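1. Fold the following, please.
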Amino acid sequence: MKKVSGTNIVIVGGGPAAVSAIDQLLHSFEANNIASNITIHIFEKGNVIGPGLPYSSKDSCYLLNLPIDVMGSGFHGELDFRNWLEERSDYNTKSEYPPRYYFGDYLKDLFFSTCEKAGHMGIEIKTYIHSEVIDIQKDEFGYRVVSMHEGGENLIQGDYIILCTGHMPPSSYQNLIGKENYIHDPWLPKVYEGLKSDSNIALIGSRLTAIDVVLKLHSIGHQGEITMFSRSGLLPAVLAKTIEPYPLKYLTLETFTRLTKFGLCPLKLDDLIKLFCNEIADAEGQNIKALYDLYPFDTLQAIKRNPSADTITTYTRKVSPIDWIQREIESSEINNKKWQSVLFAIYPIVSDIWAMLSDSDKETFLKEYNSIFMTYLAAFPLENAYKIRDLLISKQLRVIGGLSDVRKSDDNHFMVVADSKQYKAKYLFNATGTGYNPYSIPLYKMMGERGLISRHVGGGISVCPHSLKTIDKYGVENDTLFAVGELTKGSCLSTTDMTRVTIQMDRITEQISTGLRNRQRYPRSSTGTLNLGSSVSFFRNRPTSSPSGKRCIHQSSRFFSSTLRRAPLPLKIAGGILAGSSVLFLGTSNSFQLRK
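-> All right, here's what the predicted structure looks like:
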């Protein structure tokens, strides 16, 4: 295949991450005066660019799980999400958590506006609707991208590739796929059609996906008993009406500098947990007595005596689901949740902190603490909490912990074993959330077999957590092949929401801009390779023995020591999420790129 003129940027997946990519690429190109002969290709399996799976449903029961201003932060266009909402004639709520389809419609409008901007800049955007990328191969000119559209193959050349295909199908309970009345993916179309309204339904999971399934069943008038089963038996926390910005005092750049000796050693999980608990206790301050009244089991007092995740877990699991949701509602109604401000403050830097932990501490965290951490971090709006409480009070909804087994019984029902008891249900929904096996998607399985990417033991594919460059089977970074979102789970931990996606895209687009600036200075030779000036990572050609993501710890240490000397204090998150907070690793990739 001959090298074509110009630069081709290929985005695989046309959901929210793709819109963020286009928006940030254009912003970066404009700021750096880059616009000559660039084509951006977007491949989307569905019929529209923008909303993707999370924001495509028109059901009003699905609400945003982040406030309006947080959802709209990170975009550079003139189309502000809050202003856009207020101009909608059909938008008549003052809630900070409107139905998700509004954000989906906003993304569609934002995409159209960015396309217009691209046209004015001389940048071409090509969209391939109902097209699935089935193969990506590396060659001497970049990448060969093969897609399928209406039964025919299409082949284009790509210089930069961004993989942002969004949610992967659930990885659990594969043995039940194909069984009658088993719903493996509750987001597939038409899965709620044909359900008997008085039938018993079991859900595996008790977090946000399970909440969504219950609310959907409630919205269609389901009358039968609904039971959530999970190992923890914990419902998510409830979001406060207002979440104020919070300046971090313990989880700061100075603290990490001291504890890791400028990145020469990993951050210890025990130290991180103590810092986190001290941050929470300090944030509560004068409001701590009110929280004691809401939590008679003295959770926070116990935390102050023994700041550990074990303490949080032990005390939280003592409360019944009804008491839990009622206390969460009462606390949210009076905005008595300073701890939630802390979680919002640390969320944008979770991936960078994650990279500083050792492999053994990561394993310990995932095994012992991740469940309780996600219970508090992945919260849901007060409006939906009222509905869940009412369903619990009416006893139509139950939440049961101690899940140990699920199987299909001889009488065509499902048998669920939890808390040493057996429960029977006519229908079974897998509500455990997104899966993290990239090889469940044929494209990534093929790329993995060729060694172009590697699977991370913690989920998704291996990437550098700071640059988002994919890592091949030899442990070497692909300088022009990036991954975003759920694909980066193992390397980045927190990958599900729009805030995280925009931060990741910001790092990627800056690297692409750097590469294009260098290409303008140092054109390609006749062989298609750069003579000089390509963007070179500090960690290039420094693989370790494992492609599973272990080398990212090594990268973090080098990135940490190189960044500390130039990082401003306090650093500020784009979009104002962490205004005034002192945080780590929030600069763009320029902070760890060598330029010729």
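2. and the helix or strand containing residue 355, what other elements does it pack with?
-> Residue 355 is located in helix 350-356, with elements delineated by DSSP states H and E. Counting contacts by 3 or more CB pairs under 8 Å, 6 or more residues apart in numbering; DSSP states H and E, helix 350-356 packs against helix 253-260, helix 489-492, helix 551-564. Where you see a C-beta, it was placed from the backbone N, CA and C, and this is true even at glycine.
3. Now find how far off-centre that helix is within its chain.
-> Remark: helix 350-356 is offset 14 Å from the chain centroid, using CA atoms, centre = their mean, to the nearest Å.
4. Flag every buried residue along the helix or strand that comes right after that helix.
-> Following the chain from helix 350-356 toward its C-terminal end, the next helix or strand by DSSP H and E is helix 359-364. For helix 359-364, burial by neighbour count (16 or more other CB atoms under 10 Å) applies to 359, 361-362.
5. got it, and stretch 161-175?
-> Buried residues in stretch 161-175, counted by 16+ other CB under 10 Å: 161-170, 173.
6. Format those residues as TSV; extra columns: pLDDT.
-> Listed next are the buried residues of stretch 161-175 as TSV, based on pLDDT from 0 to 100:
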residue	pLDDT
161	98
162	98
163	98
164	96
165	95
166	91
167	89
168	90
169	88
170	91
173	94
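7. taking those residues one by one, which sit in helices?
-> Judged by DSSP state H, the subset of the buried residues of stretch 161-175 located in helices is empty.
8. Would you mind putting the residues you listed into JSON lines with distance to residue 382 alongside?
-> As requested, those are exported to JSON lines (distance: CB to CB, whole Å):
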{"residue": "161", "distance to residue 382": "41"}
{"residue": "162", "distance to residue 382": "36"}
{"residue": "163", "distance to residue 382": "36"}
{"residue": "164", "distance to residue 382": "31"}
{"residue": "165", "distance to residue 382": "32"}
{"residue": "166", "distance to residue 382": "27"}
{"residue": "167", "distance to residue 382": "25"}
{"residue": "168", "distance to residue 382": "30"}
{"residue": "169", "distance to residue 382": "31"}
{"residue": "170", "distance to residue 382": "28"}
{"residue": "173", "distance to residue 382": "32"}
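9. nearest to residue 134, of these?
-> The nearest member of the buried residues of stretch 161-175 to residue 134, counting by CB to CB, is residue 165 at 12.3 Å.
10. list the contacts for that closest one?
-> By CB atoms under 8 Å, 6 or more residues apart in numbering, the contact list for residue 165 reads 12-13, 15, 441, 443, 487.
11. next one: residue 433
-> 170, 205, 207-209.
12. same deal with residue 219?
-> Applying CB under 8 Å, 6+ apart, we find residue 219 in contact with 59-61.
13. Residue 222 contacts residue 197, doesn't it?
-> Yes: between residue 222 and residue 197 there is a contact under CB atoms under 8 Å: 5.5 Å.
14. Just the C-alphas of the helix holding residue 355, formatted as PDB.
-> The C-alpha trace of helix 350-356 is given here as PDB (Å, rounded to 0.1, in the frame of the first residue of the first chain):
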ATOM      1  CA  VAL A 350      -6.900   8.400  40.500                       C
ATOM      2  CA  SER A 351      -5.100   7.000  37.500                       C
ATOM      3  CA  ASP A 352      -1.900   8.700  38.300                       C
ATOM      4  CA  ILE A 353      -2.000   7.600  41.900                       C
ATOM      5  CA  TRP A 354      -2.800   4.100  40.700                       C
ATOM      6  CA  ALA A 355       0.400   4.100  38.600                       C
ATOM      7  CA  MET A 356       2.500   4.800  41.700                       C
END
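15. Give me the spatial nearest neighbour of residue 25, chain neighbours excluded.
-> Once flanking residues are discounted, residue 25 sits nearest to residue 509: 4.9 Å by CB to CB, 6 or more residues apart in numbering.
16. What number of neighbouring residues does the one you found come out with?
-> Other residues within reach of residue 509, judged by other CB atoms under 10 Å, total 26.
17. okay but it is in contact with residue 30, surely?
-> No: using CB under 8 Å as the test, residue 509 is too far from residue 30 to be in contact (11.4 Å).
18. So in the chain, where's the weakest helix or strand by average pLDDT?
-> Across the helices and strands of the chain, mean pLDDT, DSSP states H and E gives its lowest value to strand 593-594, namely a mean of 28.
19. Could you list the low-pLDDT ranges of the stretch 201-350 of the chain?
-> For the stretch 201-350 of the chain, the stretches with pLDDT under 70 are 286-317.
20. change it to 90
-> Scanning the stretch 201-350 of the chain for pLDDT under 90 picks out 232, 241-242, 253-254, 262-263, 273-274, 277-319, 335-336, 338, 347-350.
21. Which stretches in it count as helices?
-> Remark: helices assigned in the stretch 201-350 of the chain by DSSP state H, counting those that start in this stretch are 208-219, 253-260, 269-284, 288-294, 299-305, 309-316, 321-333, 338-346, 350-356.
22. Columns distance to residue 233 on top of those helices, output as CSV?
-> Output for the helices of the stretch 201-350 of the chain, formatted as CSV (distance: least, CB to CB, whole Å):
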stretch, distance to residue 233
helix 208-219, 12
helix 253-260, 34
helix 269-284, 22
helix 288-294, 20
helix 299-305, 17
helix 309-316, 10
helix 321-333, 7
helix 338-346, 21
helix 350-356, 25
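23. nearest to residue 142, of those helices?
-> Closest to residue 142 of these, according to CB to CB: helix 350-356, at 27.5 Å.
24. one step back: pick out the most distant pair among the contacts of residue 433.
-> Using CB to CB, those span at most 13.6 Å, a distance reached by 170 and 208.
25. Could you give the number of residues near residue 283?
-> By other CB under 10 Å, the residues close to residue 283 number 22.
26. whoops, I mixed them up, residue 25
-> Per other CB under 10 Å, the neighbour tally for residue 25 reads 28.
27. Residue 134 now?
-> Around residue 134 there are 14 other residues, counting by other CB under 10 Å.
28. Which other helices and strands does the helix or strand hosting it contact?
-> Assigned by DSSP H and E, residue 134 belongs to strand 131-139. For strand 131-139, the packing partners by 3+ CB pairs under 8 Å, 6+ apart come out as strand 38-44, strand 142-149, strand 152-158, helix 442-450, strand 477-483.
29. Return it as CSV; C-alpha atoms alone will do.
-> C-alpha atoms of strand 131-139 as CSV (Å, rounded to 0.1, in the frame of the first residue of the first chain):
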residue,chain,number,x,y,z
SER,A,131,-19.0,0.6,9.8
GLU,A,132,-17.0,-1.7,12.0
VAL,A,133,-13.3,-1.8,12.1
ILE,A,134,-12.3,-5.4,11.9
ASP,A,135,-8.5,-5.2,11.6
ILE,A,136,-5.6,-2.9,12.2
GLN,A,137,-2.2,-3.8,10.9
LYS,A,138,1.1,-1.9,11.2
ASP,A,139,3.2,-1.3,8.1
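30. Begin at 253 from now on, thanks
-> Got it, the first residue is 253 from now on, which makes the last one we talked about strand 383-391.
31. Note down every partner strand of that strand and its orientation.
-> When pairing is defined by DSSP bridges, strand 383-391 lines up against strand 394-401 (antiparallel).
32. contacts for the strand it pairs with?
-> Outside strand 394-401, the residues touching it (CB under 8 Å, 6+ apart) are 253, 255, 260, 262, 264, 293, 295, 380, 382-390, 405-413, 732-733, 780.
33. And for stretch 304-316?
-> Contacts for stretch 304-316 (CB under 8 Å, 6+ apart): 265-269, 298, 300, 323, 347, 349-356, 359, 418-419, 439, 464, 467-468, 470-471, 632-633, 635-636.
34. Buried residues, it. List them.
-> 304-309, 313-316.
35. Equivalent analysis for stretch 636-646, please.
-> Using 16+ other CB under 10 Å as the test for burial, stretch 636-646 gives 636-637, 639-641, 643-644.
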